[in-house]
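Trainee: no FASTA, just this:
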């Protein structure tokens with residue numbers, strides 16, 4: 001799927017050229033960057049491929065990256081934990097993200113952290129690709145104990 005990946009790469013480069021209004025979180029060990037992620041606030045306007053501009057209904061994580069040599073050391077989990085912490089400080093009830101079936105390690109991480117599939121957030125960046133939506137509840141549902 002070179003055309004799809006070329007378009008995805010271009011989207012990443014465009015995003016990284018100006019990350020505002022996202023918070024860019026970076027993990028560093030001994031002066032070396034070992035991971036990064038973007039956290040967008042709720043209300044940020046996005047244009048999904050093939051769609052109309054829409055405002056994010058919840059804070060959204062984008063572009064979690066940990067180099068292969070750093071994987072399995074808790075770096076991605078720590079970055080996602082910090083995203084959840086910041087989203088809670090913003091008063092959010094949920095944290096959202098998108099991923100694809102081709103990113104199985106990411107899917108396993110997100111599910112281990114408690115993210116649940118949210119098909120209503122899905123979109124199709126290409127005819128044969130579905131960007132699957134996931135949500136993490138940041139607050140207990142009404143009527144349940146937080147203990």
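Mentor: Done, it's in. Computed from a predicted structure; not experimentally measured.
Trainee: got any ranges where the protein has weak pLDDT?
Mentor: Counting by pLDDT under 70, the chain shows low-confidence ranges at 1-4, 49-51, 140-147.
Trainee: Tell me what the spatially most central residue of it is bridged to.
Mentor: Closest to where the C-alpha atoms of the chain average out (C-alpha atoms, centre = their mean) is residue 61, at 2.7 Å. Counting by DSSP bridges, residue 61 is bridged to residue 39.
Trainee: Just list the residues touching it, thanks.
Mentor: Residue 61 sits next to 37, 38, 39, 40, 80, 83, 95, 96, 97 when contact means C-beta atoms under 8 Å, 6 or more residues apart in numbering. C-beta: built from backbone N, CA, C; applies to glycine.
Trainee: just the strands in this protein please.
Mentor: Using DSSP state E, the strands of the chain run over residues 23-29, 32-40, 45-47, 53-55, 60-65, 94-99, 116-117, 123-126, 129-137.
Trainee: List of residues touching stretch 7-23?
Mentor: Residues outside stretch 7-23 that contact it (C-beta under 8 Å, 6+ apart) are 38, 39, 40, 41, 44, 62, 63, 86, 125, 126.
Trainee: Going through the residues you listed, which ones are buried?
Mentor: Using 16 or more other C-beta atoms under 10 Å as the burial test, the contacts of stretch 7-23 include 38, 39, 40, 41, 62, 86, 125 as buried.
Trainee: Farthest pair within those?
Mentor: 86 and 125 (26.3 Å; C-beta to C-beta).
Trainee: picking up where we left off before, in CSV: the contacts of stretch 7-23, plus distance to residue 101.
Mentor: Output for the contacts of stretch 7-23, formatted as CSV (distance: C-beta to C-beta, whole Å):
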residue, distance to residue 101
38, 22
39, 24
40, 23
41, 28
44, 26
62, 18
63, 18
86, 28
125, 13
126, 13
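Trainee: Of the residues you listed, just say which sits nearest to residue 24.
Mentor: For the contacts of stretch 7-23, the nearest to residue 24 is residue 38 (5.7 Å; C-beta to C-beta).
Trainee: wait, the closest one sits on residue 63?
Mentor: Yes - between residue 38 and residue 63 there is a contact at 5.2 Å, judged by C-beta atoms under 8 Å.
Trainee: if we can go back for a sec, spatially, which two of the contacts of residue 61 are the most separated?
Mentor: 40 and 80 (14.2 Å).
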